[in-house]
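Student: Got a sequence here, can you build the structure:
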Amino acid sequence: MTITLIADALVASLLVATIITCYVLARRIERLKADEGAMRQTVGALISATDTAERAIAGLKLTLGDCDRTLAERLRTAERYAADLAAQIEAGQTVMERISQIVSAATLVAPKAPEPPAPEPTPISRMTSAAESAAAIRARAARRLEGQAA
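Tutor: Predicted coordinates for the structure are as follows:
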């Protein structure tokens, strides 16, 4: 009888240990299931964020393409303006060279008669002379404007 009683006590203690282990495992499984729901929500949010990022990247690529085309167009325009400006500068230099040749030829053709040295003008006469020159230029400009308006 003692052996049966000891065996029964051993079986009962093993049953209690099994029940406690099952209870602990059941609680862990419940927590894992709760974590699974949270994990699904996290994965869903991550997928949504990834989709949004992909759309944003596609928009940025389109914007970059537009910027590239606009910049290329502006560079071509700037190059055309630079070429036109260089041509105009060259033409201006040609005109200046011709004017200098004309002035040189005019100096060779018409020798100057020696002039007596002029007295040093006073500062007041210089101001008067400058004022008269400015008035003459203003009058010529006004006549030209009237001629263009007509």
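Student: Which parts of the protein are helices?
Tutor: Counting by DSSP state H, the chain has helices at residues 2-109, 123-149.
Student: Which positions in the last one come out as buried?
Tutor: Within helix 123-149, no residue is scored as buried using 16 or more other CB atoms under 10 Å. C-beta here means a position set from N, CA and C on the backbone, and glycine is covered the same way.
Student: The helices of the chain into TSV, with extra columns for mean pLDDT?
Tutor: TSV is the format used below for the helices of the chain (pLDDT from 0 to 100):
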stretch	mean pLDDT
helix 2-109	90
helix 123-149	74
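Student: For I89, grab the count of nearby residues.
Tutor: For I89, the neighbour count with other CB atoms under 10 Å is 10.
Student: ok now do it, which residues does it touch?
Tutor: For I89, the contact set (CB atoms under 8 Å, 6 or more residues apart in numbering) is empty.
Student: Tell me which residue lies nearest the centroid of the protein.
Tutor: C67 (8.8 Å; CA atoms, centre = their mean).
Student: Look up how far T50 lies from that residue.
Tutor: Going from C67 to T50 by CB to CB, to the nearest Å gives 26 Å.
Student: Check V43 too.
Tutor: V43 is 10 Å from T50, by CB to CB.
Student: repeat for V95
Tutor: Applying CB to CB to V95 and T50 gives a distance of 67 Å.
Student: now D35
Tutor: For D35 relative to T50 (CB to CB), the value is 22 Å.
Student: D8 too?
Tutor: From D8 to T50 the distance is 61 Å (CB to CB).
Student: And for R98?
Tutor: 72 Å.
Student: go on, G147?
Tutor: For G147, the distance to T50 (CB to CB) stands at 74 Å.
Student: now swap in R31 and tell me
Tutor: Taking CB to CB, one finds R31 at 28 Å from T50.
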